[in-house]
Each structure stands twice: as structure tokens, then as C-alpha cells.
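**Q** Quick one, what's the 3D model for this:
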Amino acid sequence: MRKDLIQKGVPRENIVCDFAEFRTLDSIIRAQKVFGLKECLIISQHFHNERALYLADATSLKAFAIDATDPPDSIEERLWWRERFSRLTAVLDVNLWKTQPRYLGPPIAIGSHREDPLFT
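**A** Numbers count the residues shown, from 1 in each chain. Next up is the predicted model:
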């Protein structure tokens, strides 16, 4: 993803990778607690965006999503089953288990986005 963003013209210094993200819930919570975000943009396939937005809403992160191209039909059935399991897990994570990331880590400053028109 990083390489593709750079090829599309996003400045290298504006890209911060989260190397401690093991699942979507980890990413959402780390966005808030580690990177200090109150808002974020999620770019993924539609099926994943729906779950990510659910998790963001459940943890009070204001999130927006842009759908990327869906995967090829040859893996669609496998993803359908995987996503059903992931959605059930997401609901249980936020409503019953109160799951936290495997690794939270220290805060990481990623700069100010207050002047970015996307976040105004």
C-alpha cells in the first residue's frame, strides 16, 4: 500500500505505517491511543470498510471510508466466510469481551492534521 501511495504522488513523509497492527480492531484503537487521531480515512474493500466503520463508531473514532477494488471472484467465497467470522468477532469484541490491542505501545506523533482540508 505504501509503495502504491508513493507512486500515486503521496509524499513519503505523509505516510505513517502501523507495524503493530494485527487486526482491524487493533488499528482502530491504536489510531486513537497511539497516533492521537480523532478522525481517520480508511481505504479498503467494501466488505472490510463496513466492519472497520462499525469498530470506529463503537470506539468513538470519527472515520470515513473509500472502497478499493474488490478482490478477484476466485477468492470471493473464501472471503465471504472469513468476513462473517470477522464480523461476529467484532461485535463480540466491542460488546462482550472489551478486547484491547495485543500491543498498544507508546504514543507516536504523526504531525498535525488540523490544517488539512480533509479534516476540517
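**Q** Helix or strand next in line after the helix or strand bottoming out on mean pLDDT in the chain, which one?
**A** For the chain, using mean pLDDT, DSSP states H and E, the weakest element among its helices and strands is helix 2-7, scoring a mean of 91. Sequence-wise, the next helix or strand downstream of helix 2-7 (DSSP states H and E) is helix 24-33.
**Q** So what touches that following helix?
**A** Residues from elsewhere that reach helix 24-33 (C-beta atoms under 8 Å, 6 or more residues apart in numbering): 18, 20-21, 37-38, 40, 48, 51-52, 55-56, 59-61, 63, 86, 90, 93-94, 99-105, 107. Quick note: C-beta positions are derived from backbone N, CA and C, even for glycine.
**Q** Take those residues and keep only those in helices.
**A** 48, 51-52, 55-56, 86, 90 (DSSP state H).
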